[in-house]
Structure formats: structure tokens, C-alpha cells
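>>> Model the following, please.
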Amino acid sequence: MTRRLVAPVVIVVVAVLVVAAYAAMEASAPKAKPGFPGSRLIADNEQLVAAASSGKPILVYFSSDTCPTCLVEDEELTAVLPHYGSSVAFVSIKYADSTAKVFQDWSVISVPTIVLVDKYGIVTERVDGYFVSRDDLRQDLERLTQ
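From the prediction side, this is the model:
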């Protein structure tokens, strides 16, 4: 009779240990920093809320009127985005007093910053503080829309 009880008890103990180990791993796993790959979309302004409700992947572009690189990036985005208008939502956020909190929430400290968000609301890519060419933008958007 005791031999019959040993196997189920061992199975239960092993199952409890596996569940406890998994829970400990999940609790200690590093969480993605807000606005960075692996984190969820931060819908903290009207444009982002509208883009999130579109069900499309999103390109979020952070810039400033005083940023020379942003002026060049504006031209690149203007050339590329019309080809993806039906499949990608585009959100442009220029730095101002009214958008400072959005920049802070997204941890944007340099511009231009481009953040790509998949259709499930997960940040997949982020480019901080440097120019992204038309070809690279096309490649990124192709990956995002697949």
C-alpha cells in the first residue's frame, strides 16, 4: 500500500517544485524599461490612443524643432510613410511643454527617436538620437508589417 502512495506523492512534490521555480524565475526576470523593446505601448496622449485603437503596427517619432537631424529625418519619413499609410499608424510627437511628460514616460532623452510598436502593442525596435535612412526605414516597416 505504501508503494502505491510513493509515486503520486513524488509526482505532486515535483510538480509543486517546478511551479515554484517558474514563479521565482518570473518574479526575478528583468522587466523591459517603458518605451523600449519588450515593453507595452504607452498610450499617454490622444494620438497614441488613436493609433493603438487602429489595430495597426505603429511608428512613433519623437523630434524637436531645434534638432537639425530631425529636420533631415522628417524628409525621410515624409518620403517613406505614404507607402505604408494603410498598414502602419504614424504618430509624430514634437517636444514642447505640453508633450514633455510623454517624452519622460517614453524615456526619450535624445531626438530623433523612432519607436516601432507591433499590432499587439509591444515595442519591437527603438532608435535613439540618430538618423535612420529611407532604406532602413523601409526595411524596419516591412518587418513590422509582416
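>>> Can you give the domain ranges for the chain?
Using automatic domain parsing, the domains assigned to the chain come out as 1-30, 46-145.
>>> Point out the most buried one among those.
domain 46-145 (a mean of 16; mean count of other CB atoms under 10 Å). C-beta: built from backbone N, CA, C; applies to glycine.
>>> Can you report phi and psi for the residue most central in space within the chain?
Nearest to the geometric centre of the chain sits Val123, at 1.2 Å (CA atoms, centre = their mean). For Val123, the backbone dihedrals are phi -70, psi 130 (criterion: degrees, to the nearest 10).
>>> Can I get stretch 48-55 in CSV? Just the C-alpha atoms.
Below are the C-alpha coordinates for stretch 48-55, written out as CSV (Å, rounded to 0.1, in the frame of the first residue of the first chain):
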residue,chain,number,x,y,z
LEU,A,48,-1.1,57.3,-29.2
VAL,A,49,-4.6,56.2,-28.0
ALA,A,50,-6.0,56.6,-31.6
ALA,A,51,-3.1,54.7,-33.1
ALA,A,52,-3.4,51.9,-30.6
SER,A,53,-7.1,51.6,-31.4
SER,A,54,-6.4,51.3,-35.1
GLY,A,55,-5.2,47.7,-34.7
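>>> distance between it and the chain's centre?
14 Å (CA atoms, centre = their mean, to the nearest Å).
>>> Stretch 64-72 now?
Per CA atoms, centre = their mean, the centroid offset for stretch 64-72 relative to its chain is 23 Å.
>>> and it, how far apart are its ends?
Terminal residues of stretch 64-72 lie 12 Å apart, using CA to CA, to the nearest Å.
>>> Equivalent analysis for stretch 90-106, please.
Start-to-end, stretch 90-106 (CA to CA) is 16 Å.
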